[in-house]
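**Student:** here's my sequence, what's the structure:
(one chain, ligands or ions: 1)
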Amino acid sequence: MSADIFDLIIIGGGPGGYVAAIRASQLGLKVALVEERPTLGGVCTNEGCIPSKALLDSSEHFALARDKFASHGIIIDPPRLDLARMLARKDEVVKKNTDGIAFLFKKNGITLVTGRGRLAGTEGELQQVAVNGDRGTGTGEREKIEMLSGRKVLLATGSRAVELPFLPFDGERVVSAREALSFAAVPEHLVVIGAGYIGLELGSVWRRLGAEVTVVEMLARPLPTMDGQAAEALLRVLKKQGIRFLLETGVKSGAVQDGRVRLEVAGAAGDQQLVCDRVLVAVGRRPLTDGLGLEAAGVALDDSGRLVVDENFRTTATGIYAVGDLIPGPMLAHKASEEGIVFAERLHGELSRVEYEYLPGVCYTWPEAAAVGRTEEELQQAGVAYAVGRFNFLANGRARCMDETDGFVKILADKGTGRILGVHIVGPRASDLIAEAVTAMTFGGTAEDLAMTFHAHPTLAEALKEAALAAGNRAIHA
Ligand code: NAI
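**Tutor:** Below you'll find the model as predicted:
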């Protein structure tokens, strides 16, 4: 096997790397992928997007049964939580997904090498990748090093959670998202540091299951990159659900003692001490570049520690490419996958490109928050003249049937051309609804195009049509 020469060696089997491997192999390349974990799918599939959504769905069912069934005329004894079963189901969902990717690898004839890969120089025209691992034999001989040779290397090692220097992760009381997806018991009091995607999603899970949850955020509002009105609306609903927010508040110090964590925080509401049994630190992620041999290979990093790449995803070193969380842009699974596909196609001589302008972002709280394009604040700052069309779910028939009337759809359209510049949704199934906005924007659509498009009645999607109508001051149901 080692004597084989691959067209492409990929380091990292997450949504960037594994998708690139499949696309490259579809295009006829001989591909090897090096992955350290025993399963494919990376953080997203194993300990991120997929297990968190499994728990978000389960905990939402629990909250519905507890808080909402009675209003639908369904009377049940107060539901009881079987957390072990809920966690086992989450693990089953993960396994189905990782097994699915493993099947796709076999189907596409991709060579999977289990171990830790690093750049190990060149031999003539060929890149060398050293793999320190047991080749999946399960023998645990991790010191065994294997050399792979290939024409190109794609780096797709992703990112890892940022640690607070004064409050290091201990895997038990002070944890990252990975452990917060598997608490064996519902925390009494969970303090979440950082009101970003991870903090709000996992804070929601444990709040629904009964924990007291306090979110500490150093900025004045959650989800700092989101449209201001949308972030405000989401904040209001999450507060109504019982999550406590300490905004404009920083954590000064923390100490773990006898199973409790004491945090000294300082902010808008003054100095105070928080005592809790678990702390989730969710203050961002940083690219996983350690031990890859980047410096020796001549791969340059930018000031934020991301790899510098051109439009072909070529790093500053010949024959070495990178996608996903390693390179600039939001750290999102669907961004990494799209980059993986476009990387493979461009390597094959095709002129595909990633439409970064239309990259959607979703926060999977309930209601969900989803966005694509520019925020109102960004348009104001850029001096762009725009029209706003807004429609509240309160006036949407389907949302009323569902008893899910919190939130709205907001469409921002260019005042002159009508072209849609941004869409912001807080509401039920915003994650699915945003797809229509992404499609319309990618095709260069205007608010009028959306307004003139059939939307089945009664559906949540009608809120998009109404918001588009409102952008032209002709909403019917507002
Ligand atoms: P994030 O970047 O989304 O949010 C971090 C938050 O922490 C920010 O609001 C920031 O102001 C705050 N913060 C930073 N330092 C702080 C401190 N010392 N004290 C208090 N607050 C502080 O990061 P997060 O939630 O850790 O997620 C990491 C990455 O994973 C993000 O890039 C996100 O895009 C991605 N992700 C995306 C999801 C989705 O698309 N649904 C779900 C989970 C993660």
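**Student:** alpha carbons only for contacts and neighbour counts from here, please
**Tutor:** Fine.
**Student:** okay, now the unreliable bits of the chain?
**Tutor:** By pLDDT under 70, the weakly predicted segments of the chain are 1-3, 134-143.
**Student:** for it, what spans make up the helices?
**Tutor:** 15-26, 42-47, 49-67, 83-107, 177-180, 197-208, 228-240, 294-297, 333-347, 376-382, 397-402, 430-442, 447-451, 462-471 (DSSP state H).
**Student:** elements contacting the last one?
**Tutor:** When you say that, I think you mean helix 462-471. If you count contacts as 3 or more C-alpha pairs under 8 Å, 6 or more residues apart in numbering; DSSP states H and E, helix 462-471 packs onto strand 386-392, strand 408-414, helix 447-451.
**Student:** could you do the longest one as well?
**Tutor:** For helix 83-107, the contact count by 3+ C-alpha pairs under 8 Å, 6+ apart identifies helix 15-26, helix 42-47, helix 49-67 as packing neighbours.
**Student:** between the last one and helix 197-208, how many degrees?
**Tutor:** Which is helix 49-67. 30 degrees (axes from the mean of the first three to the mean of the last three C-alpha atoms, to 10 degrees).
**Student:** re the thing from before, got TSV for the helices of the chain, with distance to Arg260 too?
**Tutor:** Below are these laid out as TSV (distance: least, C-alpha to C-alpha, whole Å):
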stretch	distance to Arg260
helix 15-26	36
helix 42-47	25
helix 49-67	25
helix 83-107	22
helix 177-180	16
helix 197-208	18
helix 228-240	25
helix 294-297	41
helix 333-347	34
helix 376-382	41
helix 397-402	40
helix 430-442	36
helix 447-451	53
helix 462-471	46
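**Student:** to Gly389, which of those lies closest?
**Tutor:** Minimum separation from Gly389 across the helices of the chain (C-alpha to C-alpha) falls at helix 462-471, 3.6 Å.
**Student:** what's that closest one in contact with?
**Tutor:** 387-393, 396, 408-413, 447-448, 450-453, 455-456, 475-478 (C-alpha atoms under 8 Å, 6 or more residues apart in numbering).
**Student:** could you check the angle strand 408-414 makes with it?
**Tutor:** Using the same axes, to 10 degrees: helix 462-471 against strand 408-414 is 40 degrees.
**Student:** roughly how far out does helix 462-471 sit from the chain middle?
**Tutor:** 27 Å (C-alpha atoms, centre = their mean, to the nearest Å).
**Student:** with stretch 197-213 instead?
**Tutor:** 16 Å.
**Student:** stretch 243-263 now?
**Tutor:** Mean-position distance between stretch 243-263 and its chain equals 25 Å (C-alpha atoms, centre = their mean).
**Student:** buried ones in it?
**Tutor:** Within stretch 243-263, the residues that qualify as buried are 243-251, 254, 256, 260-263, counting by 16 or more other C-alpha atoms under 10 Å.
**Student:** closest one of those to the ligand?
**Tutor:** Gly250 (4.7 Å; C-alpha to the nearest ligand atom).
**Student:** ok, what's across the strand from that closest one?
**Tutor:** Gly250 has the following beta-bridge partners by DSSP bridges: Ala266.
**Student:** swap in Leu119?
**Tutor:** Beta-bridge partners, per DSSP bridges, of Leu119: Val129.
**Student:** so it sits against Asp290, correct?
**Tutor:** No. The criterion here is C-alpha atoms under 8 Å, and Leu119 misses it with Asp290 at 11.5 Å.
**Student:** okay, these two: which has more neighbours?
**Tutor:** Neighbour count, other C-alpha atoms under 10 Å: between Leu119 and Asp290, Leu119 has more, with 23 against 9.
**Student:** for that one, what are its contacts?
**Tutor:** 127-130, 292-294, 297.
**Student:** and if you look at Ile434?
**Tutor:** Applying C-alpha under 8 Å, 6+ apart, the residues contacting Ile434 are 360, 370-372, 423, 425.
**Student:** give me the domain ranges for this structure.
**Tutor:** 5-48+88-160+286-354, 163-283, 359-471 (automatic domain parsing).
**Student:** so can I have TSV of the ones you listed showing distance to the ligand?
**Tutor:** Below are these laid out as TSV (distance: least, C-alpha to the nearest ligand atom, whole Å):
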stretch	distance to the ligand
domain 5-48+88-160+286-354	4
domain 163-283	3
domain 359-471	4
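**Student:** what's the closest of the ones you listed to Leu81?
**Tutor:** domain 163-283 (7.7 Å).
**Student:** quick check: end-to-end length of that closest one?
**Tutor:** 8 Å (C-alpha to C-alpha, to the nearest Å).
**Student:** for the residue of the chain positioned farthest from its centre, give me the backbone phi and psi.
**Tutor:** Note on the chain: the largest C-alpha distance from the chain mean falls to Gly124, namely 39.5 Å (C-alpha atoms, centre = their mean). Main-chain torsions, Gly124, degrees, to the nearest 10: phi 60, psi -130.
**Student:** any idea which residue of the stretch 1-150 of the chain lies closest to the ligand?
**Tutor:** Cys49 (6.1 Å).
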